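Student: I would like to see how this sequence folds:
(one chain, ligands or ions: 1)
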Amino acid sequence: MPRIQSRLAMAATAALIALPAAASPPSAAPTPPMGWNSWNHFAAKVDDATVRAQADAMAANGMRDAGYRYINIDDTWEGERDAQGVIHANSKFPDMKALADYVHAKGLKLGIYSSPGPKTCAGYEGSYGHEAQDAKTYAAWGIDYLKYDLCSLGDQMKATGSLDKAQEIELTAYRKMDAALKATGRPIVYSLCQYGVAQVWRWGGSVGGNLWRTTGDITDRFSRMTQIGFGQAGLSKYAKPGNWNDPDMLEVGNGGMTPIEYRTHMSLWALLAAPLLAGNDLSKMTPDTLAILTNREVIAIDQDPAGHQGDRVHAEGPLEVWAKPLSGGAKAVGLFNLSDQPSYVEVSYAAVGFKTPVKTRDVWAAKDLGAKTSYRALVPGHGVVLLRLGA
Ligand code: GLA
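Tutor: This is a model prediction of the structure:
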């Protein structure tokens, strides 16, 4: 080939290589969403004043600065549809747009809740048959997050008497709302809630979900929290930036667990790259609760930009070791003691991929422990020692 032609060919190839990949909009959830949700503490008692008080607290108490953003209204806000089918909030929420403006003015975002079925789990109006209309209403209000809870669609699925037909109904319903949200042009985090059945982690992302609940509901008890949290073993490969497994909202500060148990809860959720949605009353928190929710090093583990979920490395009866790969080759490691008596828990760093000594930091103690090849800690009953290894 004459030289000039080969140069032209090379330039053309270079131009092709330089072409940007097909532009897809940035994900609304590049890291696990952080915020607050009304359900765990307020359930049906949530109202406009409560939501404003949570936004005030989050903006003032350091949570916003620590990365918390979403103020999410769960079930029981829904009122009637008007003659045109447009959904209105009930009397607890006199002006949803004004509420969104208030939350936005605090540098925060507002989330809402609905169901693909005709009724929500608490028996309020769902979005069935009104998906596009509801998505438009949410966008007009200034909503930034939707939790879409299966609830009564489950009855229609059961009535088919066929697993495959039921699955088709579910996928179609979740896709329909995804398309409706996208059509609004407003970035809205899409949170699927169907309690972790039918291996939702395998297909939640393909129907547009940014996150999907992997379990039934959490309660404010150590036994339920650990059943859910440690039950996430094996799911790490399904999490990535934009798509997260969701083991349900936090119970930290709700009073049913000890501070040691709440640190275990927070550490495990961080290792799982789980959404950090506080579920307590932010306007009435002890300093201990706030310190657990805003620990920067724990949050950094959860929010690590590489977006890897941690997984179980080792279990020996009630003693478990979990590890989460972090960007830059570091690892977060949790040494858990699920028994109610203190116990030593040990990790050989070879088991988490380190062949040479690495810098070791005890995260909750905020203490550097030097370079090591293994670590043995005395862990209190129901407690954890959370380590950061490497950079
Ligand atoms: C289901 C969900 C909960 C909550 C309630 C509201 O149980 O799993 O998280 O949203 O519905 O009714």
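
Student: who touches the most centrally placed residue in the chain in this structure?
Tutor: Central residue of the chain (CA atoms, centre = their mean): Pro275, 2.0 Å from the mean position. Contacts for Pro275 (CB atoms under 8 Å, 6 or more residues apart in numbering) come out as 32-34, 191, 211, 244, 246, 249. In this view, the C-beta of every residue, glycine as well, is placed from N, C-alpha and C.

Student: and it, how far from the ligand?
Tutor: Look at Pro275 and the ligand: by CB to the nearest ligand atom, to the nearest Å, they are 12 Å apart.

Student: cool, and Glu170?
Tutor: Glu170 is 15 Å from the ligand, by CB to the nearest ligand atom.

Student: ok, Pro305 next?
Tutor: From Pro305 to the ligand the distance is 28 Å (CB to the nearest ligand atom).

Student: where does the prediction get shaky in the protein?
Tutor: Applying pLDDT under 70 to the chain flags the ranges 1-23.

Student: where does it come near the ligand, residue by residue?
Tutor: Within the chain, the positions lying close to the ligand (CB under 6 Å from any ligand atom) are 39, 74-75, 120-122, 149, 193, 217.

Student: and the furthest pair within those residues?
Tutor: The largest separation in those, counting by CB to CB, is between Thr120 and Asp217 at 14.0 Å.

Student: ok, the two, which is more surrounded?
Tutor: With neighbours defined as other CB atoms under 10 Å, Thr120 and Asp217 compare such that Thr120 has more, 22 against 14.

Student: list the contacts for that one?
Tutor: 75-76, 78, 113-114, 126, 149, 151-152.

Student: these in helices, which ones?
Tutor: Using DSSP state H, no member of the contacts of Thr120 sits in helices.

Student: could you identify the most distant pair in those residues?
Tutor: Largest separation among the contacts of Thr120 by CB to CB: Thr76 and Ser152, giving 15.0 Å.

Student: those two: who's more crowded?
Tutor: Thr76 (22 against 18).

Student: ok, now which ones touch that one?
Tutor: Neighbours of Thr76 in contact, by CB under 8 Å, 6+ apart: 43-44, 46, 90, 92, 120, 122, 124.

Student: how much space separates Ala323 from Thr356?
Tutor: 17 Å (CB to CB, to the nearest Å).

Student: helix or strand right after the lengthiest helix in the chain?
Tutor: The longest helix of the chain (DSSP H) is helix 163-183. Sequence-wise, the next helix or strand downstream of helix 163-183 (DSSP states H and E) is strand 189-193.

Student: tell me which strands that next one pairs with, and in which orientation.
Tutor: strand 145-149 (parallel), strand 211-213 (parallel) (DSSP bridges).

Student: ok, and the closest non-adjacent residue to the residue of the stretch 151-300 of the chain at minimum distance from the ligand?
Tutor: Residue nearest to the ligand within the stretch 151-300 of the chain: Asp217 (4.7 Å; CB to the nearest ligand atom). Distance criterion CB to CB, 6 or more residues apart in numbering; nearest residue to Asp217, sequence neighbours excluded, is Asp248 at 6.4 Å.

Student: if I pick the one you found, what's in contact with it?
Tutor: Per CB under 8 Å, 6+ apart, neighbours of Asp248: 213, 215, 217-218, 228.

Student: so this structure: which segments form each domain?
Tutor: 7-302, 311-389 (automatic domain parsing).

Student: ok now the last one, how far from the chain's centre?
Tutor: For domain 311-389, the distance from its own C-alpha centre to the chain's C-alpha centre is 23 Å (CA atoms, centre = their mean, to the nearest Å).

Student: dump the one helix or strand Leu99 maps to to CSV, keeping only the CA atoms.
Tutor: Element membership for Leu99, per DSSP H and E: helix 96-105. Only the C-alpha atoms of helix 96-105 are listed here, as CSV (Å, rounded to 0.1, in the frame of the first residue of the first chain):
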residue,chain,number,x,y,z
MET,A,96,-45.8,16.8,47.8
LYS,A,97,-44.2,19.3,45.5
ALA,A,98,-43.6,21.8,48.3
LEU,A,99,-42.2,18.9,50.4
ALA,A,100,-39.8,18.0,47.6
ASP,A,101,-38.7,21.6,47.2
TYR,A,102,-38.1,21.8,51.0
VAL,A,103,-35.9,18.6,50.9
HIS,A,104,-34.0,19.7,47.8
ALA,A,105,-33.3,23.1,49.4
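
Student: what comes up buried for stretch 236-250?
Tutor: For stretch 236-250, the neighbour count (16 or more other CB atoms under 10 Å) marks 236, 238-250 as buried.

Student: and stretch 72-90, by the same measure?
Tutor: For stretch 72-90, by 16+ other CB under 10 Å, it's 72-78, 87, 89.

Student: next, give me the two most distant ones among those.
Tutor: That would be Asn72 and Ile87, which, of the buried residues of stretch 72-90, are the farthest apart (CB to CB) at 17.3 Å.

Student: contacts only, for Arg52.
Tutor: 99, 102-103.

Student: got a winner among those for most neighbours?
Tutor: Val103 (26 neighbours).

Student: got a list of what that residue touches?
Tutor: When contacts are taken as CB under 8 Å, 6+ apart, Val103 is in contact with 51-52, 55, 71, 109-110.

Student: then Leu272?
Tutor: By CB under 8 Å, 6+ apart, the neighbours of Leu272 are 229, 232, 245, 247, 309-310, 324.

Student: neighbours of Ala28, just the number please.
Tutor: 17.

Student: wait, Gln227
Tutor: 14.

Student: for the helix or strand hosting it, C-alpha coordinates in PDB please.
Tutor: Secondary structure from DSSP H and E places Gln227 in helix 222-230. Provided in PDB are the C-alpha atoms of helix 222-230 (Å, rounded to 0.1, in the frame of the first residue of the first chain):
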ATOM      1  CA  PHE A 222     -30.100  -9.300  66.400                       C
ATOM      2  CA  SER A 223     -31.400 -12.800  65.300                       C
ATOM      3  CA  ARG A 224     -33.300 -11.400  62.300                       C
ATOM      4  CA  MET A 225     -30.600  -8.900  61.300                       C
ATOM      5  CA  THR A 226     -27.900 -11.600  61.300                       C
ATOM      6  CA  GLN A 227     -30.200 -14.100  59.500                       C
ATOM      7  CA  ILE A 228     -30.600 -11.600  56.700                       C
ATOM      8  CA  GLY A 229     -27.100 -10.200  56.700                       C
ATOM      9  CA  PHE A 230     -25.200 -13.500  56.800                       C
END
